[in-house]
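*Asks:* here is a sequence together with a model predicted from it:
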Amino acid sequence: MDLRESIVHQTSFSLQFAKLVGSSLASDSNFVFSPISIHTALALVAAGSKGETQKQILSVLRSGSAADLSLLSSQIADIVLADGSSSGGPRLTLANGVWVDASLSLKSTFKDVITSAYKAETKALDFQAKADDARKEVNSWVQNRTGGLIKELLPSRSVDETTRLVLGNALYFKGAWDERFNASQTKDSEFYLLDGSTIQAPFMSTKERQYLSSYNDFKVLGIPYEQGEDERRFSMYIFLPDARDGLRNLAEKLSSESEFLNHHIPLEKVNVGKFKIPKFKISFGFEASGLLKTLGLTSPFGQDADLTEMVDSAVGGKLYVSSIHHKFFVEVNEEGTVAAAATAAVVSRRSRRRVEPLDFVADHPFLFVIREDESGVVLFIGHLLNPRTAV
């Protein structure tokens, strides 16, 4: 397996799925999600499936085999998402969990894969008699792994007496900007909404040189996070359309080609003229199975699902994925970014050179991406329509 090629395929899936979420579930609201989290949840399902079910998952995730998916997840966890806070880098936590009904036992081959490649914790719960207690325990685990930011991943009645397994993961990220913004320079200003109206929102500003590039109808700003002692470099990228209503067209471009993101990363610092970006918080959650079905992933959610590699029982032939719940939180301010994500699968081109200072005024809807630059792994994707929307 070629790691870099696999990451390109993963990014392609991420951007395509982000466009779907943004256009169908968040066309009039802020949104953010973690492709790593969704990808890992589906990879866990793939590890316990076979036949058409596994084939569809591999196709959607653009992977050659379940073993490749496991290897990719393992390498991303070990190389990209290792905690860097002890050496001055971002604080990162990635955790996977598998909860199985107490009446069943996991197949040894499945358990070996999820505990070795995915470092997953496993636990037996009484879904049949105490379904809501089991749901609360999973939610508590997620809350603990995300620094308290994701409090209710599994909503009420998402787990019941028919649930036999829950596969979940949680991702926490906290990074400080390499160069903090001066809070005394933060001022309220107008932000233009998609309907043409305006609101007042707090904007951060600076006169320092920035990683910034300009294209025919959009600009890209890169804001690096403080780096630790290793080679990893995390950054947030803001894709700002020139037109105030240009978000949809820009999202289409971003998802149209697998290397679009790599080809539009600003590599040099430039002088800035007018510069301001809003402070914001976003909390967003959704159930992902409907969107995944539109991508062709139908087998895991149907009565013909083949999840027979998960449990040592004839019950394995009756298992299917009933839902995939995803929840995310992100906060961007003068100091940096705090972000968390959780997912649970319930089983029942070059820029134009410019010499003059470049303006970057993010006073209308834009896309943003948080990624690790050495590997190209995308941690989070979202769009901001209204910085004043309550979390």
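*Replies:* Sure, I can see it.

*Asks:* residue ranges in the stretch 151-300 of the chain under the pLDDT threshold?
*Replies:* 258 (pLDDT under 70).

*Asks:* mind jotting down where the strands sit in it?
*Replies:* Residue ranges of the strands in the stretch 151-300 of the chain, as given by DSSP state E, counting those that start in this stretch, are 165-176, 187-192, 198-205, 210-214, 218-224, 234-241, 269-270, 272-278, 280-287.

*Asks:* chain center to the last one: distance?
*Replies:* Relative to the centre of its chain, strand 280-287 is centred 11 Å away, using C-alpha atoms, centre = their mean, to the nearest Å.

*Asks:* same check, this time on the fourth one
*Replies:* Centroid separation for strand 210-214 versus its chain: 24 Å, with C-alpha atoms, centre = their mean.

*Asks:* pick the most buried one from the strands of the stretch 151-300 of the chain.
*Replies:* Most buried of the strands of the stretch 151-300 of the chain by mean neighbour count (mean count of other C-beta atoms under 10 Å) is strand 165-176; its value is a mean of 25. In short, each C-beta sits where N, CA and C put it, glycine included.

*Asks:* and that one, what does it pack against?
*Replies:* Packing partners of strand 165-176 (3 or more C-beta pairs under 8 Å, 6 or more residues apart in numbering; DSSP states H and E): helix 35-47, strand 91-101, helix 131-145, strand 336-347, strand 378-384.

*Asks:* show me what that strand pairs with in its sheet, parallel or antiparallel.
*Replies:* With DSSP bridges as the criterion, the sheet partners recorded for strand 165-176 are strand 91-101 (antiparallel), strand 336-347 (antiparallel).

*Asks:* which element follows the first one toward the C-terminus?
*Replies:* Per DSSP states H and E, strand 91-101 leads on to helix 108-116 as the next helix or strand towards the C-terminus.

*Asks:* now that following helix - C-alpha only, CSV.
*Replies:* Written as CSV, here are the backbone C-alpha positions of helix 108-116 (Å, rounded to 0.1, in the frame of the first residue of the first chain):
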residue,chain,number,x,y,z
SER,A,108,-11.0,-13.4,17.5
THR,A,109,-9.9,-12.3,14.0
PHE,A,110,-12.1,-9.1,14.2
LYS,A,111,-11.0,-8.4,17.7
ASP,A,112,-7.3,-8.8,16.8
VAL,A,113,-7.6,-6.3,13.9
ILE,A,114,-9.5,-3.6,15.8
THR,A,115,-7.3,-3.8,18.9
SER,A,116,-4.0,-3.9,17.0
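
*Asks:* CSV for the helices and strands packed on strand 165-176, including mean pLDDT?
*Replies:* Rendered in CSV, the data for these read as follows (pLDDT from 0 to 100):
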stretch, mean pLDDT
helix 35-47, 92
strand 91-101, 91
helix 131-145, 93
strand 336-347, 87
strand 378-384, 94
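
*Asks:* rewinding a little: want to try JSON lines for the strands of the stretch 151-300 of the chain, with distance to residue 317 as columns?
*Replies:* Shown next, in JSON lines, are the strands of the stretch 151-300 of the chain (distance: least, C-beta to C-beta, whole Å):
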{"stretch": "strand 165-176", "distance to residue 317": "14"}
{"stretch": "strand 187-192", "distance to residue 317": "54"}
{"stretch": "strand 198-205", "distance to residue 317": "54"}
{"stretch": "strand 210-214", "distance to residue 317": "53"}
{"stretch": "strand 218-224", "distance to residue 317": "50"}
{"stretch": "strand 234-241", "distance to residue 317": "44"}
{"stretch": "strand 269-270", "distance to residue 317": "59"}
{"stretch": "strand 272-278", "distance to residue 317": "52"}
{"stretch": "strand 280-287", "distance to residue 317": "25"}
